[in-house]
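Participant: task: produce atomic coordinates for the following.
(2 chains)
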Amino acid sequence: MYKIITHSIREEHFGHPMTAEIGIATHSNAAPHIGENIVTSSLLAGNLIMLRPSSVEFRMNIRSLFSRFFWRVRDYLISVLDSRESSDVEAELYKNIEAIGSFIDSYYGATTVNSFNNTMKDVVKDLIFIVRDIKSDKDITESRNKLSESIGALSMFLNSINPSQWPYSAVFDIFSDLANNWIGQISARKYKDWIEDMRLVDKNEDIMLSGDASTGVSPFSDIFAKGIISQFQERFM
Amino acid sequence: MYKVITHTIKEEHFEHPMTAEAGMSMHGNTSPKISHMAINSSYPRNDPTTSSKAVEFRMAARNLLDKYLWRLRAYIVSAIEGSDDMALIESEVFKVISSISSVVEAYYGKDAATEFKRLLDAFSIPIIEEARSIRAGRSINNFENRIETSINDLAEFLSMANPTNWPKAAVKVIFTKLAKSFTDQAKARKAKNWMDDIVALDQAQKIILVGDESMPPFAEIFAKGIISVFPEKF
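Facilitator: Residues are numbered from 1 along each chain as shown, chains lettered A, B, ... in the order given. All right, here's what the predicted structure looks like:
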């Protein structure tokens, strides 16, 4: 059987009314391409840009980088709990963050990437402190507050560089959930509640890597990648 | 600045000349449709692997293989420590293998999926047992032979299912390297050589998720292989 299907797709591109403002908010010093950015008028066109081979490759690469970071955090938190702390391994963990930073350097520039690396590292360092507190049966209220501040700083930072795609409250909620689940895993492991540990691993995988099929919520790795693609569409043409 | 871009996409669908043969060799009685899609456009849809469904499928395959990798890794970490969660993680490894097999079932049918599950189990079991032996300081020569046999069987099966995209030699190389990376992780952790452990773990991630200059990641080889054989489903 032979058949032909013909599709006609029309894209409308226009300068977004907020372009100038977004450019100022995110790249106050130099915004060579933001001002030229185009925002597609239709959902179809918006979806199509995410399906371009360069976009798909970018999403896959970002996902791999976040996977590595995500699992290394869990690995290392367990090592801390089980008294296998190693400064070399901790340094490797931060290199995973820097690898994500390097990957987005060409979009946001070195200064922004440096801030990204530092705010992400602060979140991880706070988590490590909490694990040490849990391990030694200390009250974690204070270290949790510190973590919450670091997550707030990270969310504020991401919101500042891509306000439409990475709104503060969404990023804050995502990272708070991730952090709570990581802390929950460590608490569960301390009391040898392996089933709870694995339940929280699954939850965090959904948040960071898989998404939630029942609600249609995208994983953070894809929110992150799509945010960049949306902001720098001309780089994915 | 306002601009309009109009794309005309023309899809041509026709029966693949090898349909009958492929159907016989892979599916016994059933003969699923295998079509070749050619799209006369430079738009993304000229590549069936970048349709919306195909990208979703590739992401899902990546998630499953990522889970497989990390649960085996988690097992090795626990096994070397002698942690009480070994049994639970072991069951999680086989749960993920079942999920991957369900993907195979959706395209190749139940019998193929059952066989695929048996073969991936057969690959994973000696890796699991080997980690326990490494902890106990016993010889692992026996496991190396079992792993090699399982890789050969798995590669044979996959190349029969999809000779173009999953050639036997390539599958053997991939799974041999993967098995070695797990063995290396177990040995490094036993020796408390954490940096070697990380190097071996990186290697596993390259094989499954990231790829390198010589080979795309297996997650992509697996997903794109299915999309290539069943483009009409994407």
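
Participant: after the helix ranked longest in chain A comes which helix or strand?
Facilitator: Identified as the longest helix of chain A according to DSSP state H is helix A:53-81. Downstream of helix A:53-81, the next assigned helix or strand under DSSP states H and E is helix A:87-108.

Participant: now for that next one, which elements pack on it?
Facilitator: helix A:53-81, helix A:110-135, helix A:220-231, helix B:194-205 (3 or more C-beta pairs under 8 Å, 6 or more residues apart in numbering or on different chains; DSSP states H and E). The way it works is simple: take the backbone N, C-alpha and C, and place the C-beta from them, glycine included.

Participant: where in the chain is pLDDT low?
Facilitator: In the absence of a named chain, this looks at chain A. A:1-46 (pLDDT under 70).

Participant: that's the wrong chain, I meant chain B
Facilitator: For chain B, the ranges with pLDDT under 70 are B:1-46.

Participant: so which of the helices and strands packed on helix A:87-108 is nearest B:Met86?
Facilitator: B:Met86 sits nearest to helix A:53-81 of all the helices and strands packed on helix A:87-108, at 13.7 Å, using C-beta to C-beta.

Participant: out of everything not next to it in sequence, what's closest to A:Lys226?
Facilitator: Nearest residue to A:Lys226, sequence neighbours excluded (C-beta to C-beta, 6 or more residues apart in numbering or on different chains): A:Met50, at 6.0 Å.

Participant: I'd say the one you found and A:Gly227 touch.
Facilitator: No - in this structure A:Met50 lies outside contact range of A:Gly227 using C-beta atoms under 8 Å: 11.1 Å.

Participant: now do stretch A:54-67: distance to the chain's middle.
Facilitator: Distance of stretch A:54-67 from the chain centroid (C-alpha atoms, centre = their mean, to the nearest Å) equals 11 Å.

Participant: list the buried residues for that stretch?
Facilitator: For stretch A:54-67, the neighbour count (16 or more other C-beta atoms under 10 Å in any protein chain shown) marks A:55-56, A:58-67 as buried.

Participant: and for stretch A:117-124?
Facilitator: A:117, A:119-124.

Participant: can I get the buried residues of stretch A:54-67 in JSON lines with distance to A:Gly216?
Facilitator: JSON lines is the format used below for the buried residues of stretch A:54-67 (distance: C-beta to C-beta, whole Å):
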{"residue": "A:Ser55", "distance to A:Gly216": "19"}
{"residue": "A:Val56", "distance to A:Gly216": "19"}
{"residue": "A:Phe58", "distance to A:Gly216": "22"}
{"residue": "A:Arg59", "distance to A:Gly216": "17"}
{"residue": "A:Met60", "distance to A:Gly216": "20"}
{"residue": "A:Asn61", "distance to A:Gly216": "23"}
{"residue": "A:Ile62", "distance to A:Gly216": "20"}
{"residue": "A:Arg63", "distance to A:Gly216": "17"}
{"residue": "A:Ser64", "distance to A:Gly216": "23"}
{"residue": "A:Leu65", "distance to A:Gly216": "24"}
{"residue": "A:Phe66", "distance to A:Gly216": "19"}
{"residue": "A:Ser67", "distance to A:Gly216": "21"}
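
Participant: which of the residues you listed are close to chain B?
Facilitator: With respect to chain B, and counting by C-beta under 8 Å from any C-beta of the partner chain, the subset of those in contact is A:56, A:59-61, A:63-64, A:67.

Participant: what's the burial count for A:Pro219?
Facilitator: Neighbour count for A:Pro219, taken as other C-beta atoms under 10 Å in any protein chain shown: 23.

Participant: can you check the one 4 residues further on too?
Facilitator: Around A:Ile223 sit 19 other residues, with neighbours defined as other C-beta under 10 Å.

Participant: same check, this time on B:Lys172
Facilitator: B:Lys172: 18 surrounding residues under other C-beta under 10 Å.

Participant: isn't it right next to B:Ser150, touching?
Facilitator: No - with contact defined as C-beta under 8 Å, B:Lys172 does not reach B:Ser150; the gap is 10.9 Å.

Participant: for stretch B:138-150, what is the distance to the chain centroid?
Facilitator: Using C-alpha atoms, centre = their mean, the offset of stretch B:138-150 from its chain centre is 21 Å.

Participant: so what touches that stretch?
Facilitator: The contact list for stretch B:138-150 (C-beta atoms under 8 Å, 6 or more residues apart in numbering or on different chains) reads B:119, B:122-123, B:125-127, B:129-130, B:133-134, B:176, B:179, B:183.

Participant: which residues touch B:Glu105?
Facilitator: B:112-113.

Participant: ok, and for the helix or strand it falls within, which residues are buried?
Facilitator: Here B:Glu105 sits within helix B:86-108, counting by DSSP H and E. By 16+ other C-beta under 10 Å, the buried positions in helix B:86-108 come out as B:86, B:88-90, B:92-94, B:96-97, B:100-101, B:103-105, B:107-108.

Participant: which parts of chain B are helices?
Facilitator: Using DSSP H, helices in chain B cover B:19-27, B:52-81, B:86-108, B:110-136, B:141-161, B:168-190, B:194-205, B:218-229.

Participant: and of those, who's closest to A:Ile78?
Facilitator: helix B:52-81 (7.1 Å).

Participant: mind giving me the packing neighbours of that closest one?
Facilitator: Looks like helix B:52-81 contacts helix A:43-51, helix A:53-81, helix B:86-108, helix B:110-136, helix B:168-190, helix B:194-205, helix B:218-229 (3+ C-beta pairs under 8 Å, 6+ apart).

Participant: would you turn those helices into JSON lines with distance to A:Ile130?
Facilitator: Output for the helices and strands packed on helix B:52-81, formatted as JSON lines (distance: least, C-beta to C-beta, whole Å):
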{"stretch": "helix A:43-51", "distance to A:Ile130": "36"}
{"stretch": "helix A:53-81", "distance to A:Ile130": "9"}
{"stretch": "helix B:86-108", "distance to A:Ile130": "24"}
{"stretch": "helix B:110-136", "distance to A:Ile130": "29"}
{"stretch": "helix B:168-190", "distance to A:Ile130": "24"}
{"stretch": "helix B:194-205", "distance to A:Ile130": "22"}
{"stretch": "helix B:218-229", "distance to A:Ile130": "33"}
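
Participant: and A:Ile174, which of those helices is closest to it?
Facilitator: Nearest of the helices and strands packed on helix B:52-81 (C-beta to C-beta): helix A:53-81, 11.7 Å.

Participant: who does that closest one touch, helix- and strand-wise?
Facilitator: Against helix A:53-81 (3+ C-beta pairs under 8 Å, 6+ apart) you get helix A:43-51, helix A:87-108, helix A:110-135, helix A:168-190, helix A:194-205, helix A:220-231, helix B:52-81, helix B:194-205.

Participant: ok, back up a step: possible to save the helices and strands packed on helix A:87-108 as a markdown table with distance to B:Ala60?
Facilitator: Below are the helices and strands packed on helix A:87-108 laid out as a markdown table (distance: least, C-beta to C-beta, whole Å):
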| stretch | distance to B:Ala60 |
| --- | --- |
| helix A:53-81 | 12 |
| helix A:110-135 | 27 |
| helix A:220-231 | 12 |
| helix B:194-205 | 18 |
